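Student: Model the structure of this input:
(chains A and B)
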Amino acid sequence: MTAVVPSESEVQEGGSRYDRLIQPARVHGTLYTDPSIFAEELRKIWHKTWVFVGHESEVPQVNDYVRKQLADQDVVMTRDKEGEVHLLINRCAHRGLQVCDDKAGNSSSFRCPYHGWTYRNTGELLGYPYNKGYGGKKQLPLGMGKVARVASYQGFVFGSLAAEGQSLEDHLGAAKGEIDRLVGLSPEGKVSLDAGWLRHKTRSNWKFLAENETDGYHPQFVHGSIFGVTGSPIGELYSDNSTAVTRNLGDGHSENDLRPEFRGFAEPMRWFGTTPDRVPNYVAAMKEAHGEDADRLMIEGAPHVMIFPNLFIAEIQVFNIQPVAVGECVQYATAVQFDGGHELNMRMVSQSIGSVGPAGMLLADDTEMYERNQRGVAMADPEWLDVRRGLHRESVDEDGFTIGTATDETGMRGFWNHYKSLMEAED
Amino acid sequence: MTETHPAAADGPRHDIRFDETSGAVTIGAGKVVESEFASVAIKLDQDGNSVRLRVEDLRTGRVRFLDALELESLVWLGEGHLTQLLDPSHERWRG
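Tutor: Below is the predicted model of the structure:
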């Protein structure tokens, strides 16, 4: 398949606002800087589609709760006495106060510190002090707000503030298979995200992060220092000689599929930069659990997938990106933990500290780029950002997905196509 | 001697201090069970002929002793009854 980059004369003048701003080979700088566009994104994307919020393993016990963000909404993820997970809006129904202040805890009910209104951890109002002022007990049909729809896939909890819309499984589409790949690397078929989240404030529009996550063009430049220091061979996977591909998974999701490279090497655990003899218990547990398929799983390794709009699985880490303002977002990062993979888990925590910890090199390098990007797009000329790389050499794989080479901007273009369809929809 | 009781999320809210020379306790003695919503010290009290649980609300200093039968009743308390107790106007802020 060959695509043609449109010339200036072919640019549509009469289309929608987003027709003009989002074109096949370029996007306009105001998409990252215009507060009115950010406000529209909140309504049409963050308040409407499925957004990754957290993981069931963060509330393992009955009555556990953790504070979370869903874009501009402060959310409390709870597990009730029946074991069901809820996402409550952290706001008292009385005077609008933020009810929970701690980042985490265990409590069957929450009591607002302002006037003592008390809620069950399902959001239901249990009572209020001096009830005669309301004509007695249980007179008020009020409760904490709730994220309208909550669903999880392989323990990953998503929320949608829209009462109606497509199912989570439909939203995830082909990305489900990538989450399955990650889970498949657990000897018990389960991952946990309970190692603690690092919170990184980034003075950048959230879309720069989402675009960058499957941009295979930047690693050798931005991450050259950490690759050099650690002797990592990862950088070489992103070059014109690589057999890896960038895949548009549809619905805004995309991945860097490094499996072709790892299959070529046919060495279990190379994806993790180690060898089976250094993690013998993990390898044995995988063989016990998966039999003959264990070698394939350990050769192919974990996914590198960006799930629209905010869940990024980067082999050994998971990122949760939440927008704050047009030029600011927060990315939360945690090390993946494979249930039954203690030996590997310790290494994943160490590697995560080295790469995305406070003094980690990988995320700091990326963040420098995001923030320079944000400062750059505030400049007047040129107005556009170019996303044409590899457009002329894209093809369709056997599953019908558009793919480019390891360094092509195929994933970015997939992101923008989906973004445009959401932003053009009616409120 | 200082005992520190870590809270679930952000570290300890209370240090329990014992003055070993006078026997005075500057804040409720015992293990602390707490969240951001409530803070109670619990301790097995052995002054009676059989052991009781001493429960102290650290925010008000109010103390309640619970004997074995009362504790067993709590374990078997129906969900509705427990919910009733959690209503702030049920006993504490009536009127």
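Student: Give me the pLDDT for residue B:28.
Tutor: Looking at residue B:28, its pLDDT is 61.
Student: could you point out where the stretch 301-427 of chain A is predicted with low confidence?
Tutor: Low-confidence segments of the stretch 301-427 of chain A, defined by pLDDT under 70, are absent.
Student: What segments of it are strands?
Tutor: According to DSSP state E, counting those that start in this stretch, the stretch 301-427 of chain A carries its strands in the segments A:304-307, A:311-314, A:317-325, A:328-335, A:337-338, A:384-386, A:395-396, A:402-405.
Student: Minimum distance to residue B:39: which of these has it?
Tutor: Closest approach to residue B:39 among the strands of the stretch 301-427 of chain A (Cβ to Cβ): strand A:328-335, 28.6 Å. All C-beta spots, glycine's among them, are computed from the backbone N, C-alpha and C.
Student: Tell me the gap between that closest one and the middle of its chain.
Tutor: 9 Å (Cα atoms, centre = their mean, to the nearest Å).
Student: Partner strands of it, with direction?
Tutor: Sheet partners assigned to strand A:328-335 using DSSP bridges are listed as strand A:198-202 (antiparallel), strand A:317-325 (antiparallel).
Student: Let me have those in TSV, extended by mean neighbour count.
Tutor: Formatted as TSV, the strands paired with strand A:328-335 follow (neighbours: other Cβ atoms under 10 Å in any protein chain shown):
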stretch	mean neighbour count
strand A:198-202	17
strand A:317-325	21
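Student: re the thing from before, identify, out of the strands of the stretch 301-427 of chain A, the most deeply packed stretch.
Tutor: Counting by mean count of other Cβ atoms under 10 Å in any protein chain shown, strand A:304-307 has the highest mean neighbour count of the strands of the stretch 301-427 of chain A, with a mean of 28.
Student: Output the contacting helices and strands for that one.
Tutor: helix A:175-184, strand A:253-257, strand A:311-314 (3 or more Cβ pairs under 8 Å, 6 or more residues apart in numbering or on different chains; DSSP states H and E).
Student: Listing partners with orientation, what would you give for the shortest one?
Tutor: Here strand A:311-314 is paired, per DSSP bridges, with strand A:304-307 (antiparallel), strand A:317-325 (antiparallel).
Student: List the contacts of the helix or strand containing residue A:170.
Tutor: Element membership for residue A:170, per DSSP states H and E: helix A:168-172. Contacts with helix A:168-172, where a contact means Cβ atoms under 8 Å, 6 or more residues apart in numbering or on different chains, come from A:49-50, A:149, A:151-153, A:158, A:160, A:176, A:179, A:251, A:253, A:307.
Student: which regions of chain A sit below the pLDDT cut-off?
Tutor: Within chain A, the segments meeting pLDDT under 70 span A:1-14.
Student: can you pull the contacts of the residue most central in space within it?
Tutor: By Cα atoms, centre = their mean, the mean C-alpha position of chain A lies nearest to residue A:311, the distance being 1.0 Å. Residue A:311 sits next to A:52, A:156, A:318-321 when contact means Cβ under 8 Å, 6+ apart.
Student: hmm, try it at 10 Å
Tutor: A:50-53, A:156, A:158, A:172, A:175, A:179, A:210, A:213, A:253, A:305, A:318-321 (Cβ atoms under 10 Å, 6 or more residues apart in numbering or on different chains).
Student: how far away is the residue lying closest to residue A:360 once chain neighbours are set aside from residue A:52?
Tutor: In this structure, residue A:360 finds its nearest non-sequential neighbour in residue A:354, 5.6 Å apart by Cβ to Cβ, 6 or more residues apart in numbering or on different chains. Using Cβ to Cβ, to the nearest Å, we find residue A:354 at a distance of 24 Å from residue A:52.
Student: next one: residue A:91
Tutor: On the measure of Cβ to Cβ, residue A:91 and residue A:52 end up 21 Å apart.
Student: So for those two, which sits in the more crowded spot?
Tutor: residue A:52 (25 against 18; other Cβ atoms under 10 Å in any protein chain shown).
Student: got the phi/psi numbers for that one?
Tutor: phi -70, psi 130 (degrees, to the nearest 10).
Student: Which other helices and strands does the longest helix along chain A contact?
Tutor: If you go by DSSP state H, chain A has its longest helix at helix A:361-377. Applying 3 or more Cβ pairs under 10 Å, 6 or more residues apart in numbering or on different chains; DSSP states H and E, we find helix A:361-377 packed against strand A:198-202, helix A:206-212, helix A:219-222, helix A:224-230, strand A:317-325, strand A:328-335, helix A:342-356, strand A:384-386.
Student: and it with helix A:342-356, angle?
Tutor: When axes from the mean of the first three to the mean of the last three Cα atoms, to 10 degrees is applied, the directions of helix A:361-377 and helix A:342-356 differ by 30 degrees.
Student: Most distant residue from the centre of chain A?
Tutor: residue A:132 (47.6 Å).
Student: what about that one, which SS state?
Tutor: Three-state call for residue A:132 (DSSP: H, G, I helix; E, B strand; the rest coil): helix.
Student: got the residues of chain B near chain A?
Tutor: Within chain B, the positions near chain A by Cβ under 10 Å from any Cβ of the partner chain are B:7-10, B:33-38, B:79, B:82-90, B:92-95.
Student: which residues does residue A:406 contact?
Tutor: A:216-217, A:219, A:236-246, A:256-258, A:260-261, A:390.
Student: The residues you listed in strands, which ones?
Tutor: A:245-246, A:256-257 (DSSP state E).
Student: any idea which of the residues you listed is closest to residue A:185?
Tutor: Minimum distance to residue A:185 across the ones in strands among the contacts of residue A:406 is 15.5 Å, recorded for residue A:257 (Cβ to Cβ).
Student: give me the number of residues near the closest one?
Tutor: Residue A:257 has 24 nearby residues by other Cβ under 10 Å.
Student: try the one 3 residues further on
Tutor: Applying the criterion other Cβ under 10 Å, we find 14 residues in the vicinity of residue A:260.
Student: wait, doesn't it sit right on residue A:246?
Tutor: No - the criterion here is Cβ atoms under 10 Å, and residue A:260 misses it with residue A:246 at 11.8 Å.
Student: pretty sure residue A:269 contacts residue A:298?
Tutor: Yes - Residue A:269 is within contact range of residue A:298, at 5.7 Å (criterion: Cβ under 10 Å).
Student: So between those two, which is more surrounded?
Tutor: Using other Cβ under 10 Å, the more surrounded residue of residue A:269 and residue A:298 is residue A:298, with 24 against 20.
Student: how would you label the more buried one: helix, strand or coil?
Tutor: helix.
Student: List the residues that contact the nearest residue to residue A:113 once chain neighbours are set aside.
Tutor: In this structure, residue A:113 finds its nearest non-sequential neighbour in residue A:97, 7.3 Å apart by Cβ to Cβ, 6+ apart. Residue A:97 is in contact with A:90-91, A:112-115, A:117, counting by Cβ under 10 Å, 6+ apart.
Student: same check, this time on residue A:312
Tutor: Counting by Cβ under 10 Å, 6+ apart, the residues that residue A:312 touches are A:52, A:209-210, A:212-214, A:304-306, A:318-321, A:331, A:333.
Student: starting at the chain centroid, how far to stretch A:311-331?
Tutor: With Cα atoms, centre = their mean, you get 6 Å for stretch A:311-331.
Student: and if you look at stretch A:383-403?
Tutor: How far stretch A:383-403 lies from its chain's middle: 22 Å, per Cα atoms, centre = their mean.
Student: and residue A:281, which of the three is it?
Tutor: Per three-state DSSP, residue A:281 ends up helix.
Student: Correct me if wrong: it contacts residue A:344.
Tutor: Yes - because the distance of 8.8 Å satisfies Cβ under 10 Å, residue A:281 is recorded as touching residue A:344.
Student: Show me whatever sits in contact with both of the two.
Tutor: residue A:187.
Student: More neighbours: which of the two?
Tutor: It is residue A:344, of residue A:281 and residue A:344, that has more neighbours when counted by other Cβ under 10 Å, with 26 against 13.
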